[in-house]
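> any chance you could fold what I've pasted below:
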Amino acid sequence: MTWPDKLSVGREDEIEFEGAIQVGPVETWAVVPVKQLGQAKSRLRGRLNQAERAALMVNLLRHTLQVLGKIVSSGSLAGVIVLSEDKQLLALAESLGVRTVSESGLNLAPEQERPENLNAVLTALVQYLALHAPDLGGKALLILPADLPLLTEQDLAGLLSLSAATGAVLVPDHARQGTNSLWLPLKTALEFPFNFGDNSFALHQEILRRHRVSFEIYEQPGLLYDLDYPTDFERLPPGLQKSLTDL
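This next block holds a predicted model:
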C-alpha cells in the first residue's frame, strides 16, 4: 500500500480509558521499532565493533520478522509493521513482505526527534495508523523489540492467546525492570502514555491500574531475554554469537 503524507500529531494532557476492550489475536498488528544501524546496540560497544553491531541488528531483525511471519501465516496475527528511519532495515523488512513506516513520515516535533525518544515515536505511529490506515483491519497492537535472539513462535502464540481475555498484556525483561513487549487494543493505545525505558515495567503497570485496565503479565524465555549489555551477549551460545554477528 501507499502510506499517506506526513501527519502532525497532538496529544491531550489528560488520558481517559478504562476496562478491557476485547479483541481477537487475528486482529492484532505487530509493531517492531528499530533504531538506525549507526545508533543500534551502542551499549555493546565494548564487546562488538561498529560493523559487528550493525550485522547483529540486521540479523536480529531478520530473525524477529521470520518468526512473526510464521505467526501471520498461521492466521494468528493480522500483520507486521517495521518502524525505523534506517533505509537498509526498511528495505530488509520490505523484502520479507512486511509493511514499513519511516519515522520522518510521522512529522514529529523537534523536541521529539531525539534518537532515544521511542515513546514519542510510538505515540505518533499509533495515531498515524488509526487515522490513515483503516484498511489494515487491526484493532490491537503488539509492540515488540527486534533484539530477542531466542524468540520463538510458541512465545508469541502464547502471548496472543492470552490477549483474547484481557485488556492488556505486559512482558518484562529478564530483570523485570524494562518492558520487552506490550499488547494493547488500538483504542487503549491511542490514549496510552508509553513509558519505555528505565523502570518501564513498573510504570506501565501503574498506568494500567490507575485507569482500571485489566492486564496480564506474560513471561517466556524467548521474550524475556533481550540484548542490552555485553553480559547479555556473552550468555549466548558461541555458535549463536557468531551467526548473529556474521557480516
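> and Gln154, how many neighbours?
11 (other C-beta atoms under 10 Å). Where you see a C-beta, it was placed from the backbone N, CA and C, and this is true even at glycine.
> least trustworthy helix or strand in the chain by mean pLDDT?
helix 118-132 (a mean of 86; mean pLDDT, DSSP states H and E).
> what helices or strands is that helix leaning on?
strand 28-33, strand 79-84, strand 140-143, helix 186-189 (3 or more C-beta pairs under 8 Å, 6 or more residues apart in numbering; DSSP states H and E).
> buried residues in it?
Buried residues in helix 118-132, counted by 16 or more other C-beta atoms under 10 Å: 118-130.
> just give me the closest of those residues to Gln241.
Leu118 (26.1 Å; C-beta to C-beta).
> ok, that closest one - contacts?
By C-beta atoms under 8 Å, 6 or more residues apart in numbering, the contact list for Leu118 reads Pro33, Phe194, Phe196, Gly197.
> against Gly239, how distant is it?
31 Å (C-beta to C-beta, to the nearest Å).
> ditto for Leu61
20 Å.
> follow-up on the earlier one: ok, of the contacts of Leu118, which come out buried?
Pro33, Phe194, Phe196.
> the first one contacts Leu141, doesn't it?
No: using C-beta atoms under 8 Å, Pro33 is not in contact with Leu141; the gap is 11.3 Å.
> low pLDDT regions in the chain?
The chain contains residues with pLDDT under 70 at 1-26, 107-116, 132-138.
> show me what counts as buried in the helix ranked longest in the chain.
Using DSSP state H to define each element, the chain has its longest helix at helix 50-73. Buried residues in helix 50-73, counting neighbours by 16+ other C-beta under 10 Å, are found at 52-65, 67-69, 71-72.
> that older thread, tilt between the least confident helix or strand of the chain and strand 28-33?
Orientation of helix 118-132 against strand 28-33 (axes from the mean of the first three to the mean of the last three C-alpha atoms, to 10 degrees) gives an angle of 140 degrees.
> if anything else comes up later, I'll come back, but that's it for now.
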